[in-house]
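K.L.:
sequence and predicted structure are below.
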Amino acid sequence: MICAFLRDQQPKLLGMLVVLFGAGFSINAVAQEQSQTLILVGSELTTCTSAKLNNCEKEIVVEGKSHNLYRVNNSQIKNITQHWPNNNIEAKAAVLKTLKAIQSKSSNSVSKTDLLWQWRDINNQQLQSLTQQEYNFVFDMLEVPLLNKNGERSKEQVNTDFNNESATNNILQFVSGSLKVNNANPTMLDITASSRDPYESADLAQSLLAQSNISTQWLALTPALAKAITSNSCDELPALRNTLMNVYNREAIYPDRTKAEYALCKSGTDALVSLIKNSTGVMFNSGNAALMHKVLFDQNNNPYPWTQALQTRPVIVGEGAGAAIQSKIAGMFTNTTSLEALRKSETNANTGGLGSFNFGVIDTQFSEQNRTFRLAAALNNSEASNTKTQMQHGFGIDENTALVVIKSPEVSLMTVIGKSGVVHLTEQGKPQKEGNNYRYSYWPASSVIDITNNTFTLSERTISQTLPEIKIPPLPVQRFGSILTNSKLRSLTQAMCLSQEQSTVAQQDEFIISLTATSDTQYHRVNAKEFGCALSNLELAIKSI
């Protein structure tokens, strides 16, 4: 089975698996029940779909749903009038007035973009004044089903053959291979609870592995389902969607999905747990980690009966928030930037994650969104946590890049696959009033990382296969400005690595950031990509001026 799988993979993937298995993993060990593979992606995968043709090769058209459809007519206006979600009468009256004005011009079905432009032309200020709840309610109620020529619900279609991001295919191939190593006929469950509208996200999630011939099923584990199935209130699912998820009218738009949710609810908790235990893998989608938390833990932060079953699947895949929630401590980083974290010296409150990843805290879209110092702030707060050990290490995963963790009773290791790399951040000494010091490492794609006694080092095998150094001019002697914008910190550290630079200084507003090579620092050119230089233990110091 493993040989057939290896033959089917691209040469790069084959090489990666050979490295992994050669680093101490037997095939039997990987297949053991206690063993587990985590594939943690730093963003939603860039995938060619009928709704995202910009992710496809040029001039490729994928048939299927390309956008949601909205209509303003008497029926929609009546429903909005009868079911307005709060007591804001003024907002309700203003919305109804605007909708009637839109209706007077046209009652044709339009895309959301077109509807928003019509609204802005009439009363942009009123549109801007809507609360998030009111906005979601109005547009959910105005949405109408998009049907194909057979009168069936049109679905977003995926064609990974035409992805213009090759890293996506490499990651999907690794997911497929990992599943097949564990089971000759693997099954995958997709959970889309990180989305406000998990029913809309289900089509894409369920289609990602279709071209790999992996049996994939959407698991209707939504916040509404979690509440209903544990309180024997399945008939209240529509109301629970409104109150717990801020979604409305989904039974009219995605009737197949809401029926699946109801059927899963009526089957009971034991059946849900059994379904999860019988699956080879589970995939958590990108979105909002706080929403995913609602399907793992109840209002008292106690795990649900199915949480352990999810935690122990042989293969776990997480995209974006779905990756971050795998940590025992899932930092609630929403709407926090590095600069805000530096000024507040803290991130938002931490909450419990699934705990399949027990090495530290995870952040995503990392280098692209300049998130180094908000991850650092999470490490600073470890003193206040009862799980200090889990907060000593931070892992920042770049977009379209996956941190792979392979665990067995004998040994665990990590590797990086995909487009860019993964940052490993540790605090060096206790936080000081005048500034903080960290150790910064960057592991590019194809790096293998050894794990020993909660330390993480670039493997000797990776080091032995590194590329020759290239001659580039030394960095200019200057202070690099706006370092926390446009991925500049990653670019600067890569330049240091390639030029074997020993120190440099950067600035962001009132903060000075010093980067210094110490006796523990190592530079290795792992691959020839733009961000292919591995840094180990670069000292990163920050202070305010």
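P.N.:
Received it, and whenever you're ready, just let me know what you need.
K.L.:
residue 185 contacts residue 215, correct?
P.N.:
Yes. At 7.2 Å, residue 185 counts as touching residue 215 under the criterion of CB atoms under 8 Å. C-beta: built from backbone N, CA, C; applies to glycine.
K.L.:
isn't residue 320 up against residue 41?
P.N.:
Yes. Contact status for residue 320 versus residue 41: in contact at 7.0 Å, counting by CB under 8 Å.
K.L.:
quick check: neighbours shared by those two?
P.N.:
Residues within reach of residue 320 and of residue 41 at once, by CB atoms under 8 Å, 6 or more residues apart in numbering, are residue 364.
K.L.:
any low-confidence regions in this protein?
P.N.:
Low-confidence regions of the chain, defined by pLDDT under 70, span residues 1-34, 331-335, 345-351, 381-390, 429-435.
K.L.:
what's the longest strand in it?
P.N.:
What stands out as the longest strand in the chain, according to DSSP state E, is strand 533-544.
K.L.:
of all the residues in that strand, which ones are buried?
P.N.:
Judged by neighbour count (16 or more other CB atoms under 10 Å), strand 533-544 contains these buried residues: 533-542.
K.L.:
residues in contact with residue 361?
P.N.:
By CB under 8 Å, 6+ apart, the neighbours of residue 361 are 327, 329-331, 375, 378-379, 390-391, 393-395.
K.L.:
so which of those residues sit within helices?
P.N.:
Using DSSP state H, the subset of those located in helices is 375, 378-379.
K.L.:
got a winner among those residues for most neighbours?
P.N.:
By neighbour count, taken as other CB atoms under 10 Å, the most surrounded of the ones in helices among the contacts of residue 361 turns out to be residue 378 (28 neighbours).
K.L.:
I'd assumed residue 394 was in contact with it.
P.N.:
Yes. Counting by CB under 8 Å, residue 378 sits close enough to residue 394 to count as a contact (6.4 Å).
K.L.:
for the nearest residue to residue 179 once chain neighbours are set aside, phi and psi?
P.N.:
Across the structure, with CB to CB, 6 or more residues apart in numbering as the measure, the residue nearest residue 179 apart from its sequence neighbours is residue 186 (3.7 Å). When read as degrees, to the nearest 10, the backbone of residue 186 gives phi -70, psi 160.
K.L.:
burial check on residue 186, number of neighbours?
P.N.:
The burial metric for residue 186, expressed as a neighbour count using other CB under 10 Å, is 23.
K.L.:
ok, residue 50 next?
P.N.:
Residue crowding around residue 50 was assessed by other CB under 10 Å; the count is 21.
K.L.:
run the chain-centre distance for the longest strand of the chain.
P.N.:
Its chain's C-alpha centre lies 25 Å from the corresponding centre of strand 533-544 when counted by CA atoms, centre = their mean, to the nearest Å.
K.L.:
spell out the secondary structure type for residue 139.
P.N.:
Taking DSSP: H, G, I helix; E, B strand; the rest coil as the rule, one finds residue 139 in the helix state.
K.L.:
which residues touch it?
P.N.:
Contact partners of residue 139, counting by CB under 8 Å, 6+ apart, are 70, 112, 115.
K.L.:
among the residues you listed, which one has the most neighbours?
P.N.:
Counting neighbours by other CB under 10 Å, the one among the contacts of residue 139 with the most is residue 70, which has 23 neighbours.
K.L.:
next up, the contacts around that one.
P.N.:
Residue 70 is in contact with 109-112, 115, 139, 142-144, counting by CB under 8 Å, 6+ apart.
K.L.:
hmm, residue 278 and the residue nearest to residue 179 touching each other?
P.N.:
No. Using CB under 8 Å, residue 186 is not in contact with residue 278, being 11.2 Å away.
K.L.:
who has more neighbours out of residue 320 and residue 41?
P.N.:
A direct count of neighbours by other CB under 10 Å for residue 320 and residue 41 places residue 41 higher, at 31 against 24.
K.L.:
touching, the more buried one and residue 317? I think so.
P.N.:
Yes. Here residue 41 reaches residue 317: they are 7.3 Å apart, a contact under CB under 8 Å.
K.L.:
next up, phi/psi of residue 364, please.
P.N.:
Recorded main-chain torsions at residue 364 are phi -130, psi 170, according to degrees, to the nearest 10.
K.L.:
what's in contact with the strand or helix carrying residue 402?
P.N.:
Using DSSP states H and E, the element containing residue 402 is strand 401-407. Among residues not part of strand 401-407, those counted as contacts by CB under 8 Å, 6+ apart are 20, 25, 30, 35-42, 167, 171, 174, 323, 357, 359, 362, 395, 397, 412-422, 445.
K.L.:
can you map out the strands along the stretch 201-350 of the chain?
P.N.:
215-218, 281-284, 315-319, 329-331, 350-352 (DSSP state E, counting those that start in this stretch).
K.L.:
please read the previous query as pertaining to the stretch 51-200 of the chain.
P.N.:
According to DSSP E, counting those that start in this stretch, the strands that the stretch 51-200 of the chain contains are 69-70, 143-144, 187-191.
K.L.:
picking that back up, export the contacts of residue 361 to CSV and tack on distance to residue 202?
P.N.:
CSV is the format used below for the contacts of residue 361 (distance: CB to CB, whole Å):
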residue, distance to residue 202
327, 25
329, 29
330, 23
331, 27
375, 31
378, 31
379, 36
390, 32
391, 34
393, 34
394, 32
395, 28
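K.L.:
CA atoms of stretch 91-109 as CSV?
P.N.:
Taking only C-alpha atoms (Å, rounded to 0.1, in the frame of the first residue of the first chain), the coordinates of stretch 91-109 have been written out as CSV:
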residue,chain,number,x,y,z
ALA,A,91,-32.9,50.9,11.9
LYS,A,92,-35.7,48.6,10.8
ALA,A,93,-37.8,51.4,9.3
ALA,A,94,-34.8,52.8,7.5
VAL,A,95,-33.9,49.4,6.0
LEU,A,96,-37.4,48.8,4.8
LYS,A,97,-37.5,52.3,3.2
THR,A,98,-34.2,51.6,1.4
LEU,A,99,-35.4,48.1,0.2
LYS,A,100,-38.6,49.5,-1.2
ALA,A,101,-36.6,52.1,-3.1
ILE,A,102,-34.3,49.4,-4.5
GLN,A,103,-37.4,47.3,-5.4
SER,A,104,-39.0,50.2,-7.3
LYS,A,105,-36.0,50.3,-9.6
SER,A,106,-35.7,46.6,-10.2
SER,A,107,-36.8,43.3,-8.7
ASN,A,108,-34.3,41.1,-10.6
SER,A,109,-31.9,38.8,-8.8
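K.L.:
let's have the chain start at 40 instead
P.N.:
Sure thing, new numbering starts at 40, so read that last one as stretch 130-148.
K.L.:
you'd agree residue 210 is up against residue 455?
P.N.:
No. If you go by CB under 8 Å, residue 210 and residue 455 don't touch, sitting 10.7 Å apart.
K.L.:
test my guess that residue 571 contacts residue 484.
P.N.:
Yes. Under the contact definition of CB under 8 Å, residue 571 touches residue 484, with a separation of 7.4 Å.
K.L.:
geometrically speaking, which residue is the centre of this protein?
P.N.:
Central residue of the chain (CA atoms, centre = their mean): residue 359, 0.9 Å from the mean position.
K.L.:
much appreciated, bye for now.
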